[in-house]
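In: Generate a structure from the sequence data that follows.
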Amino acid sequence: MSGKILIGKPLEVEPQLFDNEKVKSVAKRVLIGKAQGASNFVMRLFTVGEGGYSPHHSHPWEHEVFILAGEAGVVTDQGEVEAPAGSYVFVPSGVKHQFKNRGKGNLEFICVIPSSADEE
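Out: Below you'll find the model as predicted:
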């Protein structure tokens, strides 16, 4: 795929669905990653249903996040901060974090990580 521009729509990407004791009502779509020929970054779209949340975790890579829709609660060891649609969030490597849907309707956000991180 080298040398070709890729244009797509998120709903064309099959989501991975997560709903267990650590993650509630989360759909993840890898929009751009190794399978699309990206060698530096992975772009993912997360959709979190009402009352849903990502795991409370940390890892050795940073995140760059942009809140597209909804009302996120960003949980760290220092507490929880609101991040409404239109906000960006930088999560440094090694920092424990969690994203919670604090509003009505879906929370949607783009999350970019380095390609050296686990896409899954």
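In: quick one: low-confidence parts of the chain?
Out: Residue ranges of the chain with pLDDT under 70: 1-2, 119-120.
In: Which strand runs longest in the chain?
Out: Of all the segments assigned as strand in the chain under DSSP state E, the longest by residue count is strand 41-53.
In: Which strands and helices lie in contact with that strand?
Out: Using 3 or more C-beta pairs under 8 Å, 6 or more residues apart in numbering; DSSP states H and E, the elements in contact with strand 41-53 are strand 24-32, strand 98-101, strand 107-114. For every residue, glycine as well, the C-beta is placed using N, CA and C.
In: ranking these by burial, who's on top?
Out: When you average the neighbours per residue for each of the helices and strands packed on strand 41-53 (mean count of other C-beta atoms under 10 Å), strand 98-101 leads with a mean of 22.
In: Check the offset of it from the chain's centre.
Out: Centroid separation for strand 98-101 versus its chain: 10 Å, with C-alpha atoms, centre = their mean, to the nearest Å.
In: Ignoring the adjacent residues along the chain, who's closest to residue 87?
Out: Counting by C-beta to C-beta, 6 or more residues apart in numbering, residue 87 lies nearest to residue 67, which is 4.7 Å off, once chain neighbours are set aside.
In: residue contacts, the one you found?
Out: For residue 67, the set of contacting residues under the criterion of C-beta atoms under 8 Å, 6 or more residues apart in numbering consists of 83-89, 107-109.
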